[in-house]
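Asker: Coordinates for the following, if possible.
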Amino acid sequence: MNALLVDDDYFVVTALEKKIDWQSLHIEEVYTANNVAQAREIIRNHPVHILISDIDMPQGSGLELLAWIREENYNIQAIFLTNYADFNYAQKAIELQSFEYFLKPIEFDKLMLIIQKAVARAKEQQKNEKAIQEGYFWQKNQAKIREHFWRKLVNGSISFPMKLADIAHSIEEQNLPYRMTDTFQPLLINIFPYNGSLGQADKGLFDFALLNVLYESFQNPGFSIETILEYKPYNWVAILKWSCSPESQTLGDLCSAFIPKANQYLKADACCNIALPGRLENISPIVKQLLNMNEEIVKCRNQTFYVESFNRHHKADYVPPNLSRLEELLNQNRPDAFLNETTQYLKANLNHQALDISVLSLFRLDIVQLVYSFLKTKGIQAHKLYTGRMNDQLLAHSLNSVEDMEEYLKYLVNTAMEYRDFAEQPKSIVEQIKQYIHTHCGDDLTRNHLAEIVYLNPDYLARLFKKETGVSLGSYIIQVRIAAAKHLLETTRMSIYEVAKKVGYANYSYFSKLFKQEVGLSPNEYKRGSKL
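Answerer: The predicted structure follows:
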């Protein structure tokens, strides 16, 4: 398989030649061209399977090159590199069936995966062409047929397990090479992408890389991989078919070898969950046990778990941590000690097999209530403080693993302590409120609304403001609005009614009354005096 690099920038072409590991991608020859004419000549004279091209070039664009390739019916996978995130470029690239549209500067790790995926696509097309020529095109669909069979069985195992008659009928109808006495063993892999990893940025490309690592890692003469499918986001089920007696140790060793590969190549943590082996006729309850375990156990990342061990465990009873001690640590401003105590609690319960999802949920509820109660004593409205995408994401993931729970508690406690420190600096809070009043004096400045801005209880904010300024919050708002009104009356031709609305008073009579109380003159008198 060969590749062609096209770019008018010599340094880009050189960088692509040197920084891409072409040998590992099974690319035998890498041709280079600096313009479209050279590229056409190379394609006419040499077999090219992968094209990596700039779009904007002085002597003809990459899109023109791809249009010519399609007209001439060359079967080439095209990857475009460009400095411009131009929708028209992207739309034209899609119309010409380009494989990928990639913005510069080049991220070589990601580009490697894109090329790898393009190579896989090119190989698949070659196989399809050969299969059509040989009359065996049906073989292409066998993997999809197997995946469909197992997806239906896995998805229905909890609520609507397939009956033996339905399994037998599907095998016969879809011509699957299975017997009811064949031995299978499901394996469930949990993936935890790191923040900023490819799993967060490009799920499709990440899944492609993950499947490559999985198929490479679980190679063994004792079994075949029938399919690997995503049961739910970042939860993958692999179905293994044993040709000999199942070997639990062998499978455990393969899982132990896979996990560091996931850490290194996918930049993700992983857990493996190994089901019991069994005949196809008993596979539905076996899959159900595996999925139940996945939902109920609390995981530590980068470990392997066995259904066999899970079945021996009794349901754990919740014994809360020392909440009085934790409350004391919050009051002493010792968040690190607080988090250390909660981590010790989690690990101790995990070691004594007294931690499942229901226990972890109750533990989380106790800690959240403890932190919220602590904030309430400080006049801070916790339900306002903990909003936004980060809070929602960390909360949603907190039951996925011990590490996810620790990360959520760290966010919960540190956010509380940081805002407690801010709230104990009344001058900072009062200055923030004063600044907001000055810049929004025409808005609806209720006490509740102002309290929401600094996440404080309205009564607490009012007391704090009066203590720091010697003026009530309501009086200060009136002073700022009247000062703004005076400035508008002095410097603009706005009517008094317009000025009243501008500074937050829709009721003209009420505005006039307040103005006279504060200034000693009516708005009309003040306006006439300012013109003298």
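
Asker: Could you give the number of residues near residue 355?
Answerer: Using other Cβ atoms under 10 Å, residue 355 has 23 neighbouring residues. In this view, the C-beta of every residue, glycine as well, is placed from N, C-alpha and C.

Asker: What pLDDT does the model give it?
Answerer: Per-residue pLDDT puts residue 355 at 84.

Asker: for the one 10 residues further on, same thing?
Answerer: We have a pLDDT of 95 for residue 365.

Asker: can you tell me the helix or strand for it?
Answerer: Secondary structure here is read from DSSP states H and E; on that basis residue 365 sits in helix 357-377.

Asker: got a list of contacts for that helix?
Answerer: Contact with helix 357-377 is made by 295-298, 315-318, 320-321, 323, 326-327, 330-331, 342, 345-346, 349, 381-383, 385, 398-399, 405, 408-409, 412-413, 416, 419-420, 457, as judged by Cβ atoms under 8 Å, 6 or more residues apart in numbering.

Asker: Same check on stretch 30-44?
Answerer: Contacts made with stretch 30-44 from outside it, assessed by Cβ under 8 Å, 6+ apart, are listed as 2-8, 10, 13, 17, 22, 46, 48, 51, 53, 57-62, 64-65, 68-69, 74, 76.

Asker: Identify each buried residue in that stretch, please.
Answerer: Within stretch 30-44, the residues that qualify as buried by neighbour count (16 or more other Cβ atoms under 10 Å) are 30-34, 36, 39-40, 43.

Asker: Tell me which of the residues you listed fall in strands.
Answerer: 30-33 (DSSP state E).

Asker: Let me know the closest of those residues to residue 263.
Answerer: residue 30 (31.0 Å; Cβ to Cβ).

Asker: which regions of this structure lie under the pLDDT threshold?
Answerer: By pLDDT under 70, the weakly predicted segments of the chain are 84-96, 98, 131-140, 196-197, 200, 311-314, 426, 531-532.

Asker: helix/strand/coil for residue 106?
Answerer: Residue 106 carries the three-state label coil when classified by DSSP: H, G, I helix; E, B strand; the rest coil.

Asker: how close does it get to residue 76?
Answerer: As judged by Cβ to Cβ, to the nearest Å, residue 106 and residue 76 stand 20 Å apart.

Asker: Looking at the two, which has the bigger crowd around it?
Answerer: Comparing residue 106 with residue 76 by other Cβ under 10 Å, the one with more neighbours is residue 76, at 21 against 16.

Asker: correct me, but the more buried one touches residue 50?
Answerer: Yes - between residue 76 and residue 50 there is a contact at 7.1 Å, judged by Cβ atoms under 8 Å.

Asker: chain center to stretch 341-349: distance?
Answerer: The chain centroid and the centroid of stretch 341-349 are separated by 27 Å under Cα atoms, centre = their mean, to the nearest Å.

Asker: Please apply the same query to stretch 23-30.
Answerer: Centre to centre, stretch against its chain (Cα atoms, centre = their mean), the figure for stretch 23-30 is 33 Å.

Asker: coming back round to it: got the buried residues for the helix holding residue 365?
Answerer: Under the neighbour-count criterion of 16+ other Cβ under 10 Å, helix 357-377 has 359-360, 363-364, 367-368, 370-372, 374-375 buried.

Asker: Convert the C-alpha atoms of that helix to CSV, please.
Answerer: Once side chains and other backbone atoms are set aside, the C-alpha atoms of helix 357-377 remain, and they are given as CSV (Å, rounded to 0.1, in the frame of the first residue of the first chain):
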residue,chain,number,x,y,z
ILE,A,357,-23.3,1.3,44.4
SER,A,358,-26.2,1.6,46.9
VAL,A,359,-23.7,2.1,49.8
LEU,A,360,-21.7,4.6,47.7
SER,A,361,-24.9,6.6,46.8
LEU,A,362,-25.8,6.9,50.5
PHE,A,363,-22.3,7.9,51.4
ARG,A,364,-22.4,10.6,48.7
LEU,A,365,-25.7,11.9,50.0
ASP,A,366,-24.4,12.2,53.5
ILE,A,367,-21.3,14.1,52.4
VAL,A,368,-23.3,16.5,50.2
GLN,A,369,-25.7,17.2,53.0
LEU,A,370,-22.8,17.8,55.4
VAL,A,371,-21.1,20.3,53.1
TYR,A,372,-24.4,22.0,52.2
SER,A,373,-25.2,22.3,56.0
PHE,A,374,-21.7,23.8,56.6
LEU,A,375,-22.2,26.4,53.9
LYS,A,376,-25.7,27.3,55.2
THR,A,377,-24.1,28.2,58.6
